[in-house]
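Asker: please work out how this folds:
(chains A, B, C and D, ligands or ions: 4)
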Amino acid sequence: MSTEVPADLTRAQLLDAYRRMKTIREFEERLHVEIQSGQISGFTHLYAGQEAVAVGLCMHLTDADYIVSTHRGHGHCIAKGCDVDGMMLEIYGRAGGLCKGKGGSMHIADFDRGMLGANAIVGGGPPLAVGAGIAAKLARKGAVTAAFGGDGSSNQGTVFEAMNLAVVLKTPTLFVFEDNGYSEHTGAKYAVGSQDIAGRARGFGMPAVRVDGIDFFAVYEAMGEAVARARRGEGPSTIEATCTRYFGHFEGDPQLYRAKDEVQRHRETMDCLKRFRERVVGQDLLPARELDSIDSEVLGRIDAAVKKAQAAPPPAEAELTTDVYVSY
Amino acid sequence: MSTEVPADLTRAQLLDAYRRMKTIREFEERLHVEIQSGQISGFTHLYAGQEAVAVGLCMHLTDADYIVSTHRGHGHCIAKGCDVDGMMLEIYGRAGGLCKGKGGSMHIADFDRGMLGANAIVGGGPPLAVGAGIAAKLARKGAVTAAFGGDGSSNQGTVFEAMNLAVVLKTPTLFVFEDNGYSEHTGAKYAVGSQDIAGRARGFGMPAVRVDGIDFFAVYEAMGEAVARARRGEGPSTIEATCTRYFGHFEGDPQLYRAKDEVQRHRETMDCLKRFRERVVGQDLLPARELDSIDSEVLGRIDAAVKKAQAAPPPAEAELTTDVYVSY
Amino acid sequence: MPQKSFRDAINEALFLEMRRDPRVIVLGEDVSGGAGGTSGQRDAAGGIFGVTKGLIHEFGAERVIDTPISESAIVGAGAGAALAGLRPVAELMFADFVGVCLDQIYNQAAKFRYMFGGKTRCPLVIRASMGAGMGMGAQHSQSIYALLTAVPGLKIAVPSTPYDAKGLLLSAIRDDDPVVFFEHKALYPRKGEVPDGDYTVPFGEAALVREGEHVTVVAIARMVGFAEKALDALAKEGITADLIDPRTTSPLDADTIYESVEGTGRLVIVDESPPRCSIAADIAGLVATNAFHALKAPVVQVTAPHAPVPFARELERAYVPGPQRIEAAIRQVLKD
Amino acid sequence: MPQKSFRDAINEALFLEMRRDPRVIVLGEDVSGGAGGTSGQRDAAGGIFGVTKGLIHEFGAERVIDTPISESAIVGAGAGAALAGLRPVAELMFADFVGVCLDQIYNQAAKFRYMFGGKTRCPLVIRASMGAGMGMGAQHSQSIYALLTAVPGLKIAVPSTPYDAKGLLLSAIRDDDPVVFFEHKALYPRKGEVPDGDYTVPFGEAALVREGEHVTVVAIARMVGFAEKALDALAKEGITADLIDPRTTSPLDADTIYESVEGTGRLVIVDESPPRCSIAADIAGLVATNAFHALKAPVVQVTAPHAPVPFARELERAYVPGPQRIEAAIRQVLKD
Ligand SMILES: Cc1ncc(C[n+]2csc(CCOP(=O)(O)OP(=O)(O)O)c2C)c(N)n1
Ligand SMILES: Cc1ncc(C[n+]2csc(CCOP(=O)(O)OP(=O)(O)O)c2C)c(N)n1
Ligand SMILES: [Mg+2]
Ligand SMILES: [Mg+2]
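Answerer: Ligands and ions are numbered 1, 2, ... in the order given. Predicted structure coming up:
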C-alpha cells in the first residue's frame, strides 16, 4: 500500500483528519478511565486503535451520505461528525444526549449527520445500509451509504444477504470490515473460515480489497476508490481493513485470550495516529506544533464533554413511554 | 467432465442408479398428472429433470449417512431409499404416510434411511446438516451428511452461516446446490450476485466444484471425491450442479418467465436419463432391454403406489393433537 | 359500489398510493417476477398470490424491486430505506418467514424511534400472507400476529374484508410507524364492496360488524366470516350478538370491546392461532382486568389447538376454528 | 445445604450431565473462548457470563464447541445434532438474538416431531440470558419468553432460584423435546441452597413459594424475588398471599393457579415483559376462562410498559416492575 501521501489531500483536510482521529482516541481513552467511576452502565465497546478506518472513510463523505455502525460505534460517530457533547451525554444516559439517554453507547444515532445508528446486533446494520442505498439511488444525488462491521460480523448471515442484494440492485454501498482479529474472546483465525473476508465479498460479485487499517493514507485511498465507484453508479464494494483494538472487547474484559504484550507492541510500533504524525511531519506537510495544538484542543474538548455529562440530569421519567410511536 | 463411465461402478450399481433415477422421474411425471384430480392439496414441487444430482450423491451413501432436503424433496427421498408407497401416501395426506399425513410433500422424512426431512424453509436445512455432521464426527464411524439446496437458497444467510461453521468445525458435510436457473419465477442470472455459487463456497475456505448436473457420471465422480474427503475427516465441500426442472416451480405455475421451448429443448437434448441410457448401452455396459424392463417395473410400482394412496383413509382426527411433544 | 376481491383491493391500494407518493416502493421475492428469466417477460408473477400484479409496468423496476431469497435483507433494506426517507412496502411471501428476519422487524424497525430518542421515524410496511386452510403444511400456514402484536413500536393490521384491506393498507403506508399488514390467504378471492377512489380505515378502531344483545363475539381476520355464519344459525333461535372485528391488534380498540361486554356480560373470542399468549388470551386478560365487573360468565376462547398446522385436509379442517365450534362456544357461554 | 450462585448452579448441572451422558454437548459463542487467540489460553471466557466456565478442560473442544457469530447455524446445528442422536445445549448469549435464529427454533426444532408424524425427537436445549436491569439497552435486555411459550412443540423454563435452575436444567437436558431455558442476568450472582448431587425439578409443576389467604400472586423469574419483598412489607399489616412461581411457562401448571384463586378470589400477575400477548395476559385469560367464578375482583397485571427497554438507569428502573409497584397492585386488588 502507498507510503506516499495522496496528493488530493489539502492541508486543511490533513488537519481535519488528524483532529477526528485524535478526538476519537481521546474520547475512548478518557471513557476507559471514567468508566471506573461506575457512573456509566451497560456495555461500552471502545474503538481506540481503529481510528484510521472510520476517518479514512468519512473524509470522503458529507452529511448527505449515510453510515450504519456497530456496537463499537463511537469512532464511527465522531468520524461522521456527531457532536461529542451529545455523545458523551448519551453514554452517561443523561438528558440532552443525542438519543435523550434512551439509546446508550450501543445506540447512538444522529440523522442530521447521516449517521443512521449504532447497532447492538452483529450484522444488524448491513441490510439497513443497502436500504439507504436504494433511497440514495432513487434520489439521484450521488449519495453513498456504508455499513461498518467487524471480522466477527462476517460470519452473520444477514451480512451476506445484504452484500448479495447490494450487488443485485447495484446500490451505492460500501461494506467496511474492521478486522481487529477478535470477536469478543474468540480469534478470527478460528472463526472466519477462509480468513479472507474480501474474498467472501468477491464471491458475491463485487470488488473487494484488503488494506492496512493502521495506515490512514492507504485506507483513505481504498475508500476513495470505492466511494467514487459508488457515486458513479457502479455499485457496491467491500473494504477489509486490518487493525487492532487497544482495549478489551468491552470494558471489564480481562482479555485472557490475548498475549500479554500484544496491545503494548501495537501501541508502540503500529499506532495509526503516530504513523500519521510521522508521515505528515516527516514529509513536511504539517508542522508538529500544529498537531500538538490539536492534541491539547481535543483534550480540552473531551474534558468539557465529560464534565458536562457528569453534571447533567437524568432524562425525565415521562420519557419512559414517549417515542414508542410517532403517532401516539 | 468425464465422458467415461467410472470404472468402480459395477453392473448392479449401474442398474440401481438407473432404477432410482427412473423411479424419481416416473413418480414426478405421474404426480404431475394426478394432481389435476384435485385430491392433492398444497404446494407440490416436482424434481423431474434433476434426477442425476440426487442419485449421483446418494449412490455414495448408506442409511448411516444423513441428508437434509428442500421443498423440492421427492427426488432426494427416493434416491436415499425412502419407501415410495409411504411417500405417495404422505403426499396424498393419508394414514400410513411416512409422516402419518401430517407433513405432506414439503415435509417428508424417513429417519431409518438417514433422511432427516424435506424443509419448506429455503435455507432451513444446511444448519441441520452441519449439526448432524457434528454428531457423525463424535460417533467416529465415518458417516457423512449432505444438505441439498437450490440456486435461490444460495442467497439465504443461514446457508452461509452453515458453510462457515462446517469449515470451522471441519464437519463431514456436503453442500449440494442444484442450480436449475430459477428461484420460483426469478432467474438465477438476476438473483445470484456472482452467478458462481461454488466461488462463494471457496470464500468460506472449502473446496467447491461446478458439475454438469445432467451427466450422472460427472456428478457421481464429483460427489465421490467430496464424500471420500469428508469420510477421511478433511471437512466439508460444495458441489454446484447445473440442471433443469421440467415442470413449474410448483404445480400450477404458468411459467411466464420461461422461453416457450426451453423445457422441451432440454427434455430432447439434455435429459439425464437419456444420457445415462445412451452411455451405458453405447459402451455395452448394459443391454437396452434390461433398462426397458426396469422402466416397466417402475411404471407398475408407481401405479400401485398411486392406487394405494387414493384408496387409503385419512389420518384419524385424534392425530390432530398427537406428536406435538414426546412426553405428552 | 363496485365488488372487488380482497386481492384486488390490496392491489388497488398499492397502485393509488404509488401514484400519489413517489416515495413509496415495493420490494420482495417475485413481486414482479421474470427478472433473469428466458422469456424476457416481467410481471411474470406479480407476487405469488398476484397481489402486486401490474405494478412494475407503471412504476418500473426501480420502485417495484424483485429480490433474492433474503428476508433479512428485504425487511432490513425496507427499514433502512424508510430511515432514509422512502415509504417502502416490503413483502414477506409467507408470514411464517418472520423466522428468518425477525431481528430486522423487532430489534431494528420497531425500536429505532425509541432507541434514537424520537429523532427518526421508520415508515415501513411489511405485507405478509398468513393462515391455514390450503394444505400448505406446518411452515406455510401459521397465524402469528400475536408474536408481533407483543412488540412495542410495531402496529399490526389483520383485515377481514376487501374494504378494510384497502383502507387499512392506505393508512398503513401513510403511517409514520412500522406496520405489519397480515393478509389471510383464504380471503384473497373473497369479494366485497370497495370504492374505487382514495379512502382510509383508521388504525385502532374496531368494526362493530353486527349488533346484538346476548353475547359479545370478537373475531380476527378469516374468523370474522366464520363468526357471521355461526350467528346466522343462532339468529333463527333469537340469539343475537355484538360481533367485533378489531381490524388492528396494535393499537387495539379495547374500549369498543369493553363497552360491548358492559352490555352483554358475555364474551367469546375467536382466533385462528394456537391459544398460548395469543390475541384471544390477550383480550380475555384485558377484559378480566379492565371490564371484570361486567362479566356474567367465563370468557370463552375459541382457538386452534396447541399444535402445528397439520397437512392432511381432514386434520387441517379440524385445526381451524369453524362456524360449528364458534356456534357451540356461544351456546356454552350463554348457559354459564 | 451448600449455598451456590444461580450461575454456579447452572454450571454444575452442565458438568453433572456431561459426565453422566456422553451425548451431551455444549455449543455457542465464547462458551469456552480463546480459540484462535494469541495467548493460547482456552476457557478464556467460559461464556460471557461465565456459566460454561471450565467445561472445556474436562470435556474438550469436541463437546464444548466455540462457534462463530452465527446464531441460525448454532441453533440449527444443535437441532440437527439432536435429530442425529446427541443432546445438545446451545447457548444464545442474549435471548434478544432469537431475532436472527427464530426459524431454527420455531419452524424447525419445535415442529419436527409433529411434521414428521412422531417419527423423531429433537432433544435440544437452548440456554439464553434475558432481562433488564443492567443498562444493556433495548436490544440486550428483553424478556421474550412469551414469544416462545406461544410455540407448540417448545417447552419453556424460567427459573427464579439457584435450586430450580439446576434442577430444571437437568430435566431440560434429559427431556426428549426442545426446551428453551431462560436465565435472568440479574439472578446470576444470586445465592441459594443447592445440593451437590443429581436431582431434577419437573417441568409443569409450579412452586408454591408462600402460602397465604388474601390474594394469589403469580410471578416469573426475577419478579418472584420482588414479589417476596412486596409481601414482606404487607405481612406487617397482616396481608398474606399465595405466591406462585410457575417455573416453566410451557407446560404451565395452571391448576395450581386455579386452586389458589379458588381460595383467595384475587389474582395479581407479575411479568417483566411488556403487556401485550404476555404471560401475564395469558394467565389472566386462562383464569377468566377456567376459574372465572372464583374471582372476586379484577385480575391485576403488573408488567413493563408497552415500550422498548430504555438505557438510562433511572428510566430502566422505572421500566422494570419493582416491589413498590407489586405492593401497590396487591393493595388495589384487595380494595376492589
Ligand atoms: C447477533 C448477535 N450475536 C452476538 C452478539 C454479541 N456480540 C456483541 S459484539 C460481538 C463480537 C463482534 O465481533 P466483531 O464483529 O469482530 O466486532 P468487534 O467487537 O471486534 O469490533 C458479539 C459476539 C450480538 N451483539 N449480536
Ligand atoms: C425463507 C423462505 N423464503 C421464501 C420461500 C418461498 N420459496 C419456496 S421455494 C422458493 C424458491 C427456491 O429456489 P431454489 O433454491 O433455486 O430451489 P428450486 O425451487 O429451484 O428447487 C421460494 C422463494 C421459502 N419457502 N422460504
Ligand atoms: Mg473484531
Ligand atoms: Mg432453483
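Asker: could you use CA atoms for every contact and neighbour count after this?
Answerer: Fine.
Asker: what's the local residue count around residue A:318?
Answerer: Residue A:318 sits with 9 neighbouring residues when counted by other C-alpha atoms under 10 Å in any protein chain shown.
Asker: quick one, helices of the stretch 151-300 of chain C?
Answerer: Counting by DSSP state H, counting those that start in this stretch, residue ranges of the helices within the stretch 151-300 of chain C are C:162-174, C:222-235, C:254-264, C:279-290.
Asker: and residue D:322, which of these is closest to it?
Answerer: Smallest distance to residue D:322 across these (C-alpha to C-alpha): 19.7 Å, for helix C:279-290.
Asker: whatever helix or strand comes next after the closest one packs against which elements?
Answerer: As assigned by DSSP states H and E, the chain's next helix or strand after helix C:279-290 is strand C:300-302. The contact analysis (3 or more C-alpha pairs under 8 Å, 6 or more residues apart in numbering or on different chains; DSSP states H and E) places strand C:300-302 against strand C:267-270, helix C:279-290, helix C:323-335.
Asker: which stretch among these comes nearest chain A?
Answerer: Among the helices and strands packed on strand C:300-302, helix C:279-290 comes nearest to chain A, with 19.6 Å by C-alpha to the nearest C-alpha.
Asker: redo the helices and strands packed on strand C:300-302 as a markdown table? Include mean pLDDT and mean neighbour count.
Answerer: Shown next, in a markdown table, are these (pLDDT from 0 to 100; neighbours: other C-alpha atoms under 10 Å in any protein chain shown):
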| stretch | mean pLDDT | mean neighbour count |
| --- | --- | --- |
| strand C:267-270 | 98 | 28 |
| helix C:279-290 | 98 | 28 |
| helix C:323-335 | 97 | 18 |
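Asker: of all those, which one comes closest to chain B?
Answerer: That would be helix C:323-335 among the helices and strands packed on strand C:300-302, by C-alpha to the nearest C-alpha, at 15.2 Å.
Asker: check whether the closest one comes near chain B.
Answerer: No: Helix C:323-335 does not reach chain B (C-alpha under 8 Å from any C-alpha of the partner chain); its nearest approach is 15.2 Å.
Asker: can you give the contact residues for that helix?
Answerer: The contact list for helix C:323-335 (C-alpha atoms under 8 Å, 6 or more residues apart in numbering or on different chains) reads C:214-215, C:226-227, C:229-231, C:233-234, C:266-268, C:270, C:297-300, C:302.
Asker: angle of it against helix C:222-235?
Answerer: Helix C:323-335 runs at 60 degrees relative to helix C:222-235, counting by axes from the mean of the first three to the mean of the last three C-alpha atoms, to 10 degrees.
Asker: for helix C:323-335, C-alpha coordinates in CSV please.
Answerer: Presented in CSV, the C-alpha positions along helix C:323-335 are these (Å, rounded to 0.1, in the frame of the first residue of the first chain):
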residue,chain,number,x,y,z
PRO,C,323,-68.6,-21.9,12.4
GLN,C,324,-69.7,-25.1,14.3
ARG,C,325,-67.1,-24.6,17.0
ILE,C,326,-68.0,-20.9,17.3
GLU,C,327,-71.7,-21.7,17.5
ALA,C,328,-71.1,-24.3,20.2
ALA,C,329,-68.9,-21.8,22.2
ILE,C,330,-71.7,-19.2,22.0
ARG,C,331,-74.3,-21.6,23.2
GLN,C,332,-71.9,-22.6,26.1
VAL,C,333,-71.3,-19.0,27.2
LEU,C,334,-75.0,-18.4,27.3
LYS,C,335,-75.5,-21.5,29.5
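Asker: on the three-state scheme, residue C:129 is what?
Answerer: Three-state assignment for residue C:129 (DSSP: H, G, I helix; E, B strand; the rest coil): strand.
Asker: could you pull up the mean pLDDT of the strand or helix carrying residue C:10?
Answerer: Residue C:10 is located in helix C:6-20, with elements delineated by DSSP H and E. Averaged over helix C:6-20, pLDDT sits at 98.
Asker: now chain C against ligand 4: closest residue?
Answerer: residue C:69 (10.8 Å; C-alpha to the ion).
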